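1. Generate coordinates for the sequence data below:
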Amino acid sequence: MISRAIQLSRTAAALRRQTSAVAPPLARPPAAPAASFPPGRQTQRPFGDSAGDGGGGKIGTSDLAKRVAMDRGITQTASREIIDSVVDCITEATASGETVSIAGFGKFEPVIQKANQNQTNPQDPKGPKLQIPEKRRVKFRPYKHLAGVVEGTEEHKRRSGKD
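-> Numbering: from 1, shown residues only. Here you go, the predicted model:
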């Protein structure tokens with residue numbers, strides 16, 4: 001796992017060197033305005049119009065790759081490769097039983113959901129009990145800073161040193 005992380009950081013550094021000589025860094029998108037929600041709307045959707053309704057919604061890998069490319073001044077293809085590599089590292093580590101912790105963000109922790117021997121079938125409550133087998137799951141636990149930013153009680157501080 002450590003060698004994979006070192007390989008990832010070297011690849012990212014090499015991509016930055018290649019793309020910085022080719023094209024100047026792009027300007028960062030303007031900061032999102034302070035949250036002022038319309039009546040009946042409880043959440044802010046700060047990313048593009050991925051949902052197709054012009055108001056945002058879910059952010060996909062390509063949307064994330066665009067933002068990383070703009071922020072870092074690299075190509076979208078390079079940022080997509082970096083994102084895919086990070087996701088692969090997290091997947092491989094959690095599949096092997098390791099916990100992945102990202103400072104200021106959260107941790108991905110593999111857990112085992114115990115078997116449930118006495119679960120009733122909601123469609124037939126008087127019928128036989130269901131036997132639900134044990135399952136392996138990944139639980140994400142956000143750290144305090146991320147939770148505070150999402151709740152609006154903390155201001156996001158960029159880790160990259162950029163403003």
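2. How many residues are close by the residue nearest to residue 143 when sequence neighbours are not counted?
-> Of all residues not flanking residue 143 in the chain, residue 106 sits nearest, at 5.0 Å (C-beta to C-beta, 6 or more residues apart in numbering). C-beta: built from backbone N, CA, C; applies to glycine. A total of 17 residues lie near residue 106 under the criterion other C-beta atoms under 10 Å.
3. what packs against whatever helix or strand residue 67 lives in?
-> Element membership for residue 67 (DSSP states H and E) is helix 61-72. Helices and strands touching helix 61-72, by 3 or more C-beta pairs under 8 Å, 6 or more residues apart in numbering; DSSP states H and E, are helix 76-95.
4. from what I can see residue 104 touches residue 144, true?
-> No. Proximity of residue 104 to residue 144 does not meet the contact threshold set by C-beta atoms under 8 Å, at 9.1 Å.
5. still on that earlier bit, and the residue nearest to residue 143, what pLDDT?
-> Per-residue pLDDT puts residue 106 at 93.
6. Then residue 55?
-> As predicted, residue 55 sits at a pLDDT of 49.
7. Give me the neighbour count for residue 109.
-> Residue neighbour count, defined by other C-beta under 10 Å, stands at 15 for residue 109.
8. actually residue 65, not the one I wrote
-> Each residue near residue 65 was counted by other C-beta under 10 Å, and the total is 21.
9. what do you get for the one 5 residues further on?
-> A count of nearby residues for residue 70, using other C-beta under 10 Å, gives 16.
10. Can you report phi and psi for residue 137?
-> Dihedral angles phi and psi of residue 137 (degrees, to the nearest 10) take the values phi -130, psi 160.
11. what's across from it in the sheet?
-> Assessed by DSSP bridges, residue 137 has beta-bridge partners residue 111.
12. hang on, it packs against residue 114?
-> No. Here residue 137 lies out of contact with residue 114, judged by C-beta under 8 Å, at a distance of 11.0 Å.
13. Where does pLDDT dip in the chain?
-> Low-confidence regions of the chain, defined by pLDDT under 70, span residues 1-56, 160-163.
14. Kindly recompute the last result at 80.
-> Judged by pLDDT under 80, the chain has its weakly predicted residues at 1-57, 117-119, 157-163.
15. Can you show me the strands along it?
-> Secondary structure of the chain by DSSP state E: the strands cover 100-102, 106-113, 116-119, 130-132, 135-142.
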